[in-house]
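K.L.:
okay, sequence plus prediction incoming.
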Amino acid sequence: MGSIKAALAKPFAKYIHKKIRKWANNPIKTQEKVFKKLISEASHTVFAKDHNFSEIHSHEDFVKHVPIRDYEALKPYVEEVVAGKSDILWKGKPIYFAKTSGTTSGAKYIPITKESMPSHVEAARNAILMYINETGKTKFVDGKMIFLQGSPILKEQNGIQLGRLSGIVAHYVPNYLQKNRMPSWETNCIEDWETKVDTIVEETLKEDMTIISGIPSWVQMYFERLQQKTGQKVGDIFKNFNLFIFGGVNYEPYRAKFESLIGRKVDSIELYPASEGFFAFQDKQSEKGMLLQLNSGIFYEFIKAEEFFEEHPKRITIKDVEVGINYVMIISTNAGLWAYNIGDTVQFTSTKPYRVIVSGRIKHFISAFGEHVIGKEVEQAIQEASEGEDIQISEFTVAPQINPEKGLPYHEWFIEFEKEPKDINALASRIDQSLQNQNTYYFDLIEGKVLQPLKISRVKKNGFKKYMKSLGKLGGQNKIPRLSNDRNIADSLSGFIEK
């Protein structure tokens, strides 16, 4: 007999599905409402006065008065908020700061307000409810669920709680899930990632795990430790594990490895959370892309990635976006971020409703020779090149080699294999071919003998983990960039290369 919880899940899922469809079917109106509310609720702030919010009645006005900023440019305002002042970027004070390790600017303090906090919590819940509504599956709600996340220990600074986003969200797990959630609070508080993973393995081994979620690279480490300990596939240890929830990086490069570790296929739900806001989640198993959250106190603008570095790039709203174009996503939020560049690039897979995939980072691209190669292209290339062959890739990153010892410059691919290809040169040429097919600039450079085809450097087993550990960035929300436009990562990896 099914539990009460499973029985109640279906009507609740149906109700939420209806609510979401309502705004998803009126996208432009929904965004206009969000925009007006943001401008009016922040009208008494220091930022509003500095940027003439009283004169902003349309998106055109907004573009005129509020320039695009990244964290560095917003920092003077953020520092005022960190110092404990009120009404700076948003009314009152934030309730939290999500502290993130910025790649360029050291630690970043991203405000979370009482208005913005609910969407961080509800979006992940809604993703699961949309899945229940679509598939009718509810059995998993009675099992144990694990969320691999940062420590929930928060510090206080000038009356504002400070911690990692995943640690802050851990304080909001609804009561009806508390009994089901793993790991224990004590284990979640362990700071050292490797100790934490080992403790999680001990805690979960005997449990009926049904949902596992986290960033793929760190879930992979958990799965590997489980397998080392038991000699069994994860799907045999956890017979009812049927739903993997992930975010933070593209899952495709990991999929083959995961299916081998699990020993069977499991359903997955992709999320797009960030400290700055919860932007999208996969709302359908049968569709590519994630539903953009248009009703969550976030107003979106988009700039074509190829125009982004021009002096006055054109800023558009969702009504003018097109499918398949690479856009830099700009957000204004009820946490007080205004025309803020989070650094991600997205592509729309559909505009009815608006669904996106994350295509990369505006800083993580290679254009050392004018080729404009982005994250989505390298991920697709490696996926296509591995299809039909028994290859498993643990991790990879790409960098330009501008001054090779001999021959033309090239892209160097650093790949750690779980299962080696029969012929590494054949794999390199398949990846190169796929990249040329996707990217005309790259094709022209190869064709015009400006570049030679890419080369693969094999990274030793666990090389990427050791590299991340050497930076003090093992675990949690830290990820290897897929692409760099310089050789900083490449040079640091040199000690981990198979000769």
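P.N.:
Right, received. Where do you want to start? Residues are numbered from 1 along each chain as shown.
K.L.:
under the pLDDT cut-off, which ranges of the protein? List them.
P.N.:
Applying pLDDT under 70 to the chain flags residues 1-2, 101-106, 175-177, 475-478.
K.L.:
so where's the longest strand in it?
P.N.:
Longest strand in the chain, counting residues (DSSP state E): strand 340-351.
K.L.:
the helix or strand just after that strand to strand 340-351, inter-axis angle?
P.N.:
Downstream of strand 340-351, the first helix or strand assigned by DSSP states H and E is strand 354-361. Angle, strand 354-361 to strand 340-351, by axes from the mean of the first three to the mean of the last three CA atoms, to 10 degrees: 130 degrees.
K.L.:
paired strands for strand 354-361, with orientation please.
P.N.:
strand 290-292 (antiparallel), strand 340-351 (antiparallel) (DSSP bridges).
K.L.:
show me where the stretch 151-300 of the chain has helices.
P.N.:
Using DSSP state H, counting those that start in this stretch, the helices of the stretch 151-300 of the chain run over residues 165-169, 175-178, 185-188, 193-204, 216-230, 234-237, 252-262.
K.L.:
buried stuff in the last one?
P.N.:
Buried residues in helix 252-262, counting neighbours by 16 or more other CB atoms under 10 Å, are found at P253, Y254, A256, K257, F258, S260, L261, I262. Where C-beta positions appear, they are placed from N, C-alpha and C, glycine not excepted.
K.L.:
equivalent analysis for the fourth one, please.
P.N.:
Along helix 193-204, these residues count as buried under the neighbour rule (16+ other CB under 10 Å): W193, K196, V197, D198, T199, I200, V201, E203, T204.
K.L.:
G167: which of those residues is nearest?
P.N.:
G167 lies nearest to K196 out of the buried residues of helix 193-204, by CB to CB, at 12.3 Å.
K.L.:
I'd assumed T187 was in contact with that closest one.
P.N.:
Yes - the criterion here is CB atoms under 8 Å, and K196 meets it with T187 at 6.6 Å.
K.L.:
residues touching T397, list them.
P.N.:
W413, F414, F464, I480, P481, R482, L483, S484, I489, A490, L493 (CB atoms under 8 Å, 6 or more residues apart in numbering).
K.L.:
on the three-state scheme, it is what?
P.N.:
strand (DSSP: H, G, I helix; E, B strand; the rest coil).
K.L.:
which residues does the most centrally placed residue in the chain contact?
P.N.:
Closest to where the C-alpha atoms of the chain average out (CA atoms, centre = their mean) is G248, at 2.4 Å. The contact partners of G248, taken as CB under 8 Å, 6+ apart, are I215, P216, P273, Q477, K479.
K.L.:
of all these, which comes closest to L427?
P.N.:
Distances from L427 to the contacts of G248, taken by CB to CB, are shortest for P216, at 21.4 Å.
K.L.:
what number of residues lie near the closest one?
P.N.:
24 (other CB atoms under 10 Å).
K.L.:
skipping adjacent residues, who's closest to it in space?
P.N.:
Leaving out its chain neighbours, the residue that sits closest to P216 by CB to CB, 6 or more residues apart in numbering is Y254, at 4.4 Å.
K.L.:
distance of the one you found relative to I237?
P.N.:
Distance, Y254 to I237, using CB to CB, to the nearest Å: 19 Å.
K.L.:
could you do E134 as well?
P.N.:
Taking CB to CB, one finds E134 at 27 Å from I237.
K.L.:
and what of F348?
P.N.:
39 Å.
K.L.:
neighbour count winner among these two?
P.N.:
Set F348 next to I237 and count neighbours by other CB under 10 Å: I237 wins out with 22 against 19.
K.L.:
quick one: D283 and I20 touch, right?
P.N.:
Yes - between D283 and I20 there is a contact at 7.1 Å, judged by CB under 8 Å.
K.L.:
which of the two has more neighbours?
P.N.:
Neighbour count, other CB under 10 Å: between D283 and I20, D283 has more, with 24 against 21.
K.L.:
mind listing what the more buried one touches?
P.N.:
Contact partners of D283, counting by CB under 8 Å, 6+ apart, are I20, A127, M130, M290, L291, P353, R355.
K.L.:
pull the contacting residues for the fourth one.
P.N.:
Read it as M290. E270, L271, Y272, F279, A280, F281, Q282, D283, R355, V356, I357.
K.L.:
now the third one, which residues is it bridged with?
P.N.:
Just to be clear, that refers to Y272. Counting by DSSP bridges, Y272 forms beta bridges with A280.
K.L.:
could you check how far it is from S359?
P.N.:
12 Å.
K.L.:
same deal with A107?
P.N.:
Counting by CB to CB, the separation of A107 from S359 is 27 Å.
K.L.:
now do Y15
P.N.:
From Y15 to S359 the distance is 33 Å (CB to CB).
K.L.:
repeat for G343
P.N.:
Applying CB to CB, one obtains 12 Å for the distance of G343 from S359.
K.L.:
could you do Y254 as well?
P.N.:
Distance from Y254 to S359, by CB to CB: 17 Å.
K.L.:
now I28
P.N.:
For I28, the distance to S359 - CB to CB - is 23 Å.
K.L.:
more neighbours: which of the two?
P.N.:
S359 (22 against 12).
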